[in-house]
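Chemist: Here is my input; please provide its structure:
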Amino acid sequence: MSQVKVLFVCMGNICRSPTAHGVFEKMVEQAGLSHTIKVDSAGTHAYHVGEQPDRRAQATALTRGFDLSYQQARRVTRADFSEFDYVLAMDADNLSNLLNMADEQLHDKIQLFLDYAPHLNFSEVPDPYYGGQNGFEQVFDMVEAAAEGLLEHIRDKHL
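Modeler: Take a look at the predicted model:
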């Protein structure tokens, strides 16, 4: 069986996508599927390339048992669209950016992350960067719900 590859994408790759990366990677590990599912994250813009996730995102993650400190921000590359099976945007703006970057025949890989948590009745993970701590908590709740749905989907479709 080939590896399933998942890429989470937000704008700067320091808040939402690294949170999704860390949460989903740990869920995959706990499910014993680390050898089967590869997880990464990136940003549509290069504002923070090489930086660790936002300190507030890291602090929120640590209170919930997740370590994001090993991650470094990077920008999405054209090769990512061929390499990854799932390219999951955090919001409509980043979804649009990704669709503009990718060849049309690869558009079916690109979708909103919250499509995997329809019960939340939200389509986008809001950017907590300019808000307070509560925004990071809200993002984490949304990410956990969508990550569970994504893992269930991958199990049903690929495993």
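Chemist: Pull the distance from the lengthiest helix in the chain to the chain's centre.
Modeler: Longest helix of the chain, by residue count under DSSP state H: helix 133-158. Distance of helix 133-158 from the chain centroid (Cα atoms, centre = their mean, to the nearest Å) equals 9 Å.
Chemist: next one: stretch 98-105
Modeler: On Cα atoms, centre = their mean, the centre of stretch 98-105 falls 18 Å from the chain's centre.
Chemist: heads up, I number from 633, so please use that
Modeler: Yes, from this point I'll number from 633; that puts the last item at stretch 730-737.
Chemist: Restricting to C-alpha, output it in CSV.
Modeler: The C-alpha coordinates for stretch 730-737 follow below in CSV (Å, rounded to 0.1, in the frame of the first residue of the first chain):
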residue,chain,number,x,y,z
LEU,A,730,-3.9,27.2,-4.1
LEU,A,731,-6.2,26.6,-7.0
ASN,A,732,-4.5,29.5,-8.9
MET,A,733,-1.1,27.9,-8.2
ALA,A,734,-1.9,24.3,-9.2
ASP,A,735,-2.4,22.8,-12.6
GLU,A,736,-6.1,22.3,-13.3
GLN,A,737,-5.8,18.5,-13.4
